[in-house]
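In: Test case, fold it:
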Amino acid sequence: MAPLTKHDVGAITPVYADTLDDSPGLTLKASSAGLFYGCVMQNTAAAITYIQFHDKATLGAVTLGSTVPTFVFGIAASGSLAIFFETPIKFVNGLQVFSTTTQGGSSAAITNGTFLVA
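Out: So this is what the prediction gives:
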């Protein structure tokens, strides 16, 4: 997958990540409130991958396997997921995202994705 670029779309700033793994994870929005509009994800693994979203200010505030995610999406083996919300999901502290091999787990998985956050 070719590297993606960041573009400004009016008041919404999309945040793009070419590869997501949980070492150490990806900060979509640090230490502030915002809105999560959606994402497009591709799982190239031969097993299901889970994308964990945490309403936390920093990556360090999340201990994978112990900190309960705010919400989680599963992506089928060798599958993809495109999900966008008409009413975006509100978060208060910041938004951290991780890719794992089990729902709420701590083992890393590699997933390609594009995220839309404001």
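In: show me where the chain has strands.
Out: Per DSSP state E, the chain carries strands over the ranges 13-20, 26-29, 34-42, 49-54, 71-75, 80-91, 95-100, 111-117.
In: just for this protein, where's the confidence low?
Out: 1-24, 118 (pLDDT under 70).
In: Sort out which residues of stretch 85-99 are buried, please.
Out: Neighbour-count burial for stretch 85-99, counted by 16 or more other Cβ atoms under 10 Å, picks out 88-89, 91, 93-99. (Each C-beta comes from the backbone N, C-alpha and C, glycine too.)
In: Which residue lies nearest the spatial centre of the protein?
Out: Residue closest to the average C-alpha location in the chain (Cα atoms, centre = their mean): Val97, at 3.8 Å.
In: Leaving out chain neighbours, which residue sits closest to that one?
Out: Using Cβ to Cβ, 6 or more residues apart in numbering and skipping residues adjacent in sequence, the residue nearest Val97 is Leu26, 5.0 Å away.
In: Can you get me a residue count around the one you found?
Out: Burial of Leu26 is recorded as 18 neighbouring residues (other Cβ atoms under 10 Å).
In: quick one: Val92 from Thr67, how far?
Out: 15 Å (Cβ to Cβ, to the nearest Å).
In: Roughly how far does the residue nearest to the centre of the chain sit from Phe91?
Out: The gap separating Val97 from Phe91 is 11 Å, by Cβ to Cβ.
In: One more: Lys56?
Out: Per Cβ to Cβ, Lys56 is found 9 Å from Phe91.
In: before we move on, what about Thr44?
Out: From Thr44 to Phe91 the distance is 27 Å (Cβ to Cβ).
In: and if you look at Ser107?
Out: Taking Cβ to Cβ, one finds Ser107 at 24 Å from Phe91.
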